Structures are given as structure tokens and as C-alpha cells.
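Chemist: Just need the structure, nothing else, for what follows:
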Amino acid sequence: MNLVAEVSTHEKQVYGSGKYKILLVDCGVKYNIIRNLLKRDTTIIRVPWDYNYHTEDFDGLFLSNGPGDPKMCGITIRNIKTSFEADKPVSASVLVTN
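Modeler: Numbers count the residues shown, from 1 in each chain. Now for the predicted structure:
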């Protein structure tokens, strides 16, 4: 079962109206991440895990973490590979456990 598809937004959503546009690929993002990004003069463009965002206008790409097996997210992985070839910053949400 693709748990990311279950928890991801199902449509593009825009939050804020800041100077910097951050495209957030929602693989199960927590709202606290969105709230913290909005504190930094940003506009957050939240898109589903399988959204083709390559025609969107944005300054940086943020990939959220999420549940389940990442192998189920082949579309996301292909989009990320394409993004690494572009001239835009890429960041990811990381969960660190001790």
C-alpha cells in the first residue's frame, strides 16, 4: 500500500505571500513545517507527491518526509532526479532518531 498517496494533499495549495517561493512536495508534511517556513518571508506552494512541478515558478524545492516505503514513490523519485539537474536549491525534511 502506498501510504504517501494516502496522506499527501490531493491538489495544489498556496500559503502566504512572501518574497521567496518554496515548492513543497507533500509526502506527509506536518503543518508545523509549513508554519515555520512561512515565518521566513516565503510563499509555500504545496503539491501532491506525484505532481509534475517542473513548469511551476519557484525559488527552492522542499521535500517532506512521509510514511511507508519510498520505493512506492517512483514518480516522486523521477521528479527529484530531474530537479537535481536544475539550478534551484533542494532541501528535505529529515527525521533524526537517537
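Chemist: Which strands border the lowest-mean-pLDDT helix or strand in the chain, and is each parallel or antiparallel?
Modeler: In the chain, the helix or strand scored least confidently by mean pLDDT, DSSP states H and E is strand 90-92, which has a mean of 80. Applying DSSP bridges to the sheet, strand 90-92 is found paired with strand 60-63 (parallel).
Chemist: ok, and what's touching the strand it pairs with?
Modeler: Under the contact criterion C-beta atoms under 8 Å, 6 or more residues apart in numbering, strand 60-63 has outside partners 20-25, 27, 37, 53, 76, 80, 83, 88-93. Quick note: C-beta positions are derived from backbone N, CA and C, even for glycine.
Chemist: related to what we said a few turns ago, what about the least confident helix or strand of the chain, distance to the chain center?
Modeler: 8 Å (C-alpha atoms, centre = their mean, to the nearest Å).
Chemist: any idea which helix is longest in the protein?
Modeler: Ranked by residue count and defined by DSSP state H, the top helix of the chain is helix 74-84.
Chemist: What does the residue most central in space within the chain show for phi and psi?
Modeler: Nearest to the mean C-alpha position of the chain, by C-alpha atoms, centre = their mean, lies residue 25 at 1.9 Å. Residue 25 has phi and psi values of phi -80, psi 110 when expressed as degrees, to the nearest 10.
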